[in-house]
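**Q** Next come a sequence and a model predicted from it.
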Amino acid sequence: MVSWFSNLLRGGEGELGWDDVIRRVVDAIAELRRYGARGEVVLPPEVTVRITVGEGSVATVKELVDRPELDREVGAALANRCDVPLEQLPHREYVVSAADRTTVTVSEAAQRPWHLRITGGDRDGQEVALPERWSEVTFGRGSDNDLVVCERTQFVSRRAGRLVRAGHVIEVHALDQGDLLAVRRADGDLLRPSRTARGCVAIKAGDAIELADGRGGTITLAIRR
């Protein structure tokens, strides 16, 4: 029996598989490249990738683009195609919808910064915007972090966790906070990155990160765009 993931990789007849999505997304983004005064390749800072497929394939393709590994492969292939460093590639947001025919189109998008709203602790009520162009940030207690969650709340580790951007999702990695760092999905599900096979959980806007003391105390970081 062919596994679920193998089906995603291959795609069925007339469907987009893993390699198809990567190839067509890279082709479409590469068409947006321009050349600077010294001949260097310039790409927009952010793009929206719109994928249309038949009604029956929407859920499958959404599963594909929600996997951070796919966006990493897009980035690697695009960097090679355009001879551009990874950090200078546009951030990519994926939108999948139903249509009569399969298409992949890319357009330049207005930048929408990610925000974290802090609830609890000594920075309760504050909202922090992540940098416009970022790929990885650490968060925790004190100024040694890219994102300072609190200054004096002792149950938050100095290196609580790390955020890694991958397309339109963010991967949350638990560092010193361990099992006391959890992700609360918008639908209420609770996941602990430290207990996953890869040590991380992918989240979207609407989800939240919870840092706990194991006795009922919690600081929550709500993810917003």
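**A** Yep, it's here. Numbers count the residues shown, from 1 in each chain.
**Q** Low-confidence stretches in this protein?
**A** Within the chain, the stretches falling below the threshold (pLDDT under 70) are 1-15.
**Q** tell me the domain boundaries of it?
**A** Following the assignment in automatic domain parsing, the chain carries domains at 4-108, 115-224.
**Q** Could you give the separation of the shortest one from the chain centroid?
**A** Relative to its chain's centre, domain 4-108 lies at 14 Å (Cα atoms, centre = their mean, to the nearest Å).
**Q** The longest one now?
**A** In this view, domain 115-224 has its centroid 14 Å away from the chain centroid, taken as Cα atoms, centre = their mean.
**Q** Centre-most residue in this structure?
**A** The structure's the chain has its C-alpha centroid closest to Val169; by Cα atoms, centre = their mean the separation is 2.2 Å.
**Q** how about the nearest residue to that residue, chain neighbours excluded?
**A** The shortest distance from Val169 to any residue that is not its chain neighbour, by Cβ to Cβ, 6 or more residues apart in numbering, is 4.4 Å, and that residue is Ala202. Any C-beta I mention is one placed from the backbone N, CA and C, and that applies to glycine too.
**Q** Equivalent analysis for Gly178, please.
**A** Using Cβ to Cβ, 6+ apart and skipping residues adjacent in sequence, the residue nearest Gly178 is Ser194, 5.3 Å away.
**Q** doesn't that neighbour fall inside a helix?
**A** Yes. The assignment for Ser194 by DSSP: H, G, I helix; E, B strand; the rest coil puts it in a helix.
**Q** Surely it and Leu181 touch.
**A** Yes. Because the distance of 6.9 Å satisfies Cβ atoms under 8 Å, Ser194 is recorded as touching Leu181.
**Q** Which one's more surrounded, these two?
**A** For the pair Ser194 and Leu181, the greater number of neighbours falls to Leu181 (25 against 17), based on other Cβ atoms under 10 Å.
**Q** quick one: buried residues of stretch 83-99?
**A** Buried residues in stretch 83-99, counting neighbours by 16 or more other Cβ atoms under 10 Å, are found at 84, 89-94, 96.
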